[in-house]
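In: Make a model of this:
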Amino acid sequence: MAKIIPFKAVRPSRDKVGLVASRSYEDYSRKELKAQLRFNPFSFLHIINPGYKFQHEVSGVERFKLVRNRYLEFKEDDTFIKDEIPSFYIYQLNTRDHSFCGVFAGASIEDYDNNIIKKHEDTIERREVLFKDYLKTVGFNAEPVLLTYPDNDNIALVIKKTTSQRPEYEFATPDKSVHRFWLINKKDDVETIRREFKKIKTLYIADGHHRSASSSLLAKELRSEDNNQTGNEAYNYFLSYMIPESELRISDFNRMIKDLNGLTKEEFLIKLDEFYRIENRGEELYQPTKKHHFSMYLDDDFYSLYLRKSVYNFSDALSTLDTQILYKTILEPILGISDLRNNKRISYGYGNQHSLKMKDLIDKGKFKVGFSMLPVTIDEMKLIAEEGLKMPPKSTYIEPKLRSGLTIYEF
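Out: Next up, the predicted model:
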């Protein structure tokens, strides 16, 4: 049964929250990042990019220590405050075309280790260790793991009651999104949420596999150093944002490849014919409407590719996944791409408009061929996790994407 806890969040003061909260660091172009650091002294980006203060690039342990220093400065200046009462926190994000509402909480490392919190992606060990060392040095976590749970009426009632009141925070961002934030610290409401999550057999990681794996590594290390541990230490939990399955949004990742692996266009199409019924759609922007149907763009033309199911072996949940089918029938055997994480001949794009972006990049000669497919569904993602399998990298682009620095979990 899932165990979650309320916690005393460190968070921005009400008057500065819109200035503090930032998008993910990787989401900024160099020009945007420079502008934020230059003109917004309250941005959380100053904490995770601490070398800016000295106009000097820093990395490794030196950077981790400076992150810690910038964080303490934000607390000393009262840019950050710490709650006195352990709370759950509701965060509502309204974008131009979707609304998300979930709960910040501490999720159990024990549940993660015991597979009550299930995974669907592989992680890279060196990244796990690097982020574990980072967490140990800075002493806080500001990047929540996105967990999803089956819709629950009792949790929904607490959220509805809380969100009918004036929010603690309410601010807009330049992408025309509106952000609202409430505290849940009344005893009855806290206990209702804890009790209802105890009834849930399984939580699923939607986004944040490396962050959760690193938190598990850190807990093991700190337990080995702590002779007086009780099991209730903060390091036995990790910062999570819990969202009901019905509100999770999954988009597809397209694949773009720089060459045809030495094949001519005609040779490539003949090899494709073994596994697919191929139809040239010309300049028509073809988008798949069914599973196991793919769109391909090559030499100014779109193609529809329909899998020949009679020649493909469906053996488990992974084998039915379109990203895996594409990998096993085209990317690996024909285009010679075995390592999807590190091969520089392949690139990825996501979102509803990316087919047009993919076409533009191929027309400009940056790539030779591109593929798109329907997004993975939440049921497919759960089934992969239940069977202990792992999706190919870049199989899902999952929303919501959360602001950094909105709630911070200390340990």
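In: can we go C-alpha only for contacts and neighbour counts from here?
Out: Fine.
In: ok so Thr329 is a helix residue?
Out: Yes. Under DSSP: H, G, I helix; E, B strand; the rest coil, Thr329 falls within a helix.
In: To what extent is the closest residue to it other than its chain neighbours buried, counted in neighbours?
Out: The shortest distance from Thr329 to any non-neighbouring residue, by C-alpha to C-alpha, 6 or more residues apart in numbering, is to Phe275 (6.9 Å). Phe275 is surrounded by 18 other residues when neighbours are defined as other C-alpha atoms under 10 Å.
In: quick one: pLDDT of Phe275?
Out: pLDDT for Phe275: 97.
In: Okay, it and Tyr303: tell me how far apart.
Out: To Tyr303, Phe275 is 14 Å away according to C-alpha to C-alpha, to the nearest Å.
In: can you give me the strands for the stretch 51-200 of the chain?
Out: With DSSP state E, counting those that start in this stretch as the criterion, the stretch 51-200 of the chain has strands at 80-82, 88-94, 99-108, 117-118, 140-141, 145-149, 169-172, 178-184.
In: Over to the stretch 301-411 of the chain?
Out: 301-307, 346-350, 369-372, 397-399, 409-410.
In: Which strands or helices does the second one pack on?
Out: Spelled out, it's strand 346-350. Judged by 3 or more C-alpha pairs under 8 Å, 6 or more residues apart in numbering; DSSP states H and E, strand 346-350 is in contact with strand 253-257.
In: Show the average pLDDT along the strand it packs on.
Out: Averaging pLDDT along strand 253-257 yields 94.
In: Over to stretch 87-104?
Out: On average, stretch 87-104 scores 96.
In: roughly how far out does that stretch sit from the chain middle?
Out: 15 Å (C-alpha atoms, centre = their mean, to the nearest Å).
In: and if you look at stretch 175-187?
Out: Chain-centre distance of stretch 175-187: 20 Å, with C-alpha atoms, centre = their mean.
In: how far does that stretch stretch from start to finish?
Out: Terminal residues of stretch 175-187 lie 36 Å apart, using C-alpha to C-alpha.
In: Buried residues, it. List them.
Out: The neighbour-count check on stretch 175-187 (16 or more other C-alpha atoms under 10 Å) flags 178-185 as buried.
In: about what we covered before: which stretch among the strands of the stretch 51-200 of the chain approaches Val129 most closely?
Out: With C-alpha to C-alpha as the measure, strand 140-141 is the member of those nearest Val129 (15.0 Å).
In: Max pairwise distance over the buried residues of stretch 175-187: which two?
Out: Using C-alpha to C-alpha, the two most remote members of the buried residues of stretch 175-187 are Val178 and Asn185, lying 23.4 Å apart.
In: Mean pLDDT for the strands of the stretch 301-411 of the chain - can I get that in TSV?
Out: Converted to TSV, the strands of the stretch 301-411 of the chain look like this (pLDDT from 0 to 100):
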stretch	mean pLDDT
strand 301-307	97
strand 346-350	91
strand 369-372	97
strand 397-399	91
strand 409-410	98
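In: tell me the most buried of those?
Out: strand 369-372 (a mean of 24; mean count of other C-alpha atoms under 10 Å).
In: Using PDB, write out the CA atom coordinates for it.
Out: The C-alpha trace of strand 369-372 is given here as PDB (Å, rounded to 0.1, in the frame of the first residue of the first chain):
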ATOM      1  CA  VAL A 369      14.100  10.600 -42.800                       C
ATOM      2  CA  GLY A 370      11.600  11.100 -40.000                       C
ATOM      3  CA  PHE A 371       8.900   8.900 -38.300                       C
ATOM      4  CA  SER A 372       5.900   9.700 -36.200                       C
END
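In: Residues contacting that strand, please?
Out: Strand 369-372 is contacted by residues 252-260, 287-288, 294-299, 355, 358-359, 362 when judged by C-alpha atoms under 8 Å, 6 or more residues apart in numbering.
In: Can you tell me the strand partners of that strand and which way each runs?
Out: Each strand paired with strand 369-372, and its direction, by DSSP bridges: strand 253-257 (antiparallel), strand 293-298 (antiparallel).
In: following the first one, which helix or strand shows up next?
Out: Note on strand 253-257: by DSSP states H and E, the next helix or strand toward the C-terminus is helix 265-272.
In: quick one on the thing from earlier: do you know which of the strands of the stretch 301-411 of the chain lies nearest Ser164?
Out: strand 397-399 (23.9 Å).
In: what are the phi and psi values for the nearest residue to Asp151 once chain neighbours are set aside?
Out: Leaving aside its sequence neighbours, Asp151 sits nearest to Pro244 (C-alpha to C-alpha, 6+ apart; 5.0 Å). When read as degrees, to the nearest 10, the backbone of Pro244 gives phi -70, psi 150.
In: tell me the contacts of Pro244?
Out: By C-alpha under 8 Å, 6+ apart, the contact list for Pro244 reads 102, 148-152.
In: so where's the stretch 301-411 of the chain shaky on pLDDT?
Out: 351-353 (pLDDT under 70).
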